[in-house]
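>>> Predicted model and sequence follow; I will ask about them next.
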Amino acid sequence: MLKTKLTLLFSLCLFLFAKAQNGLVNWDHIYNENIRSVQFGLSGVALSSPVLMLKSRSRLELGFDDLGEIERDYSYRVVLCDADWTPSTVSELEYIEGFNGERIREFDYSVNTRVEYTHYRLEIPNNDLQLRYSGNYLLHVYEDDEDHTHILTRRFMVVEPLFQVSSQIVRPTRTDKIKSHHEIDFTVLHKNFELDIPNLDFKVA
């Protein structure tokens, strides 16, 4: 019985691994070895995290290099995700204003380099696409061919400060964690919001 369960578990792991390798995954991933130097963060802020304030004037900027001598047609999609980064069941007509699946139009060719490449650039939101909801999102870049070949995926977040959160770092209450961990106590002020079961209504990451 145990052997059967282990075999089934191993088979499931292989299936999920194969699916992740051959299909689209919901985390930061590069699918093509010719794609290099991927950077994704706030436009104009080097090494920033891809976190955007809802309805702000800030934008996220994606940049990447494609090694090769020819220009390729790349398009992108933005997918709303749940808290665990699985695609949401919400229709994209609700969380997107504009059009999904547009081409990446900004690119530059390398000049006087040993290896030829094309640098692609994309800003979100843009004239084609605006985001209506805060939440977790997945940016999917793919080649605009018959198979919609995957190129890369990147996670980003759109935040909306509806609550006031205060926090304080204190010594861990568990004695076995005192020398190795920190404890963060935080308070969430939820004025005008009714919370029946805080442990279910909130997800702390």
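Great, that's in hand.
>>> partners of Glu143 in the sheet?
Taking DSSP bridges as the rule, Glu143 bridges to Tyr74.
>>> That one: what's it in contact with?
72-75, 149, 151 (CB atoms under 8 Å, 6 or more residues apart in numbering). Yep, even glycine has a C-beta here, placed from its N, CA and C like the rest.
>>> which SS class is Leu93?
Assigned by DSSP: H, G, I helix; E, B strand; the rest coil, the conformation of Leu93 is helix.
>>> Look at Leu162 and give its secondary structure.
Judged by three-state DSSP, the three-state class of Leu162 is coil.
>>> tally of neighbours for it?
When neighbours are counted by other CB atoms under 10 Å, Leu162 registers 11.
>>> Over to Leu52?
Residues near Leu52, counting by other CB under 10 Å, number 22.
>>> and the gap between it and Ser88?
The gap separating Leu52 from Ser88 is 17 Å, by CB to CB, to the nearest Å.
>>> out of the contacts of Glu143, which is most surrounded?
Ile151 (24 neighbours).
>>> List the contacts of the strand or helix carrying that one.
Assigned by DSSP states H and E, Ile151 belongs to strand 150-159. The contact list for strand 150-159, computed with CB under 8 Å, 6+ apart, reads 23-32, 35, 38, 40, 50-54, 60, 62, 64, 74, 81, 85, 124, 131, 133-143.
>>> What separates the first and last residues of stretch 100-114, distance-wise?
36 Å (CA to CA, to the nearest Å).
>>> What's the PyMOL line that selects buried ones from the contacts of strand 150-159?
Per 16 or more other CB atoms under 10 Å, the buried members of the contacts of strand 150-159 correspond to this PyMOL selection:
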select buried, resi 24+25+26+29+30+31+35+38+40+50+52+60+62+64+74+81+124+131+134+135+136+137+138+139+140+141+142+143
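>>> Restricted to strands, list the contacts of strand 150-159.
Using DSSP state E, the members of the contacts of strand 150-159 that fall within strands are 29-30, 35, 38, 40, 51-53, 60, 62, 64, 74, 81, 124, 131, 135-143.
>>> From Gln130, how far off is the residue nearest the centre of the chain?
The chain has Arg155 as the residue nearest its centroid, 0.7 Å off, counting by CA atoms, centre = their mean. Using CB to CB, we find Arg155 at a distance of 19 Å from Gln130.
>>> This completes my enquiry, with thanks.
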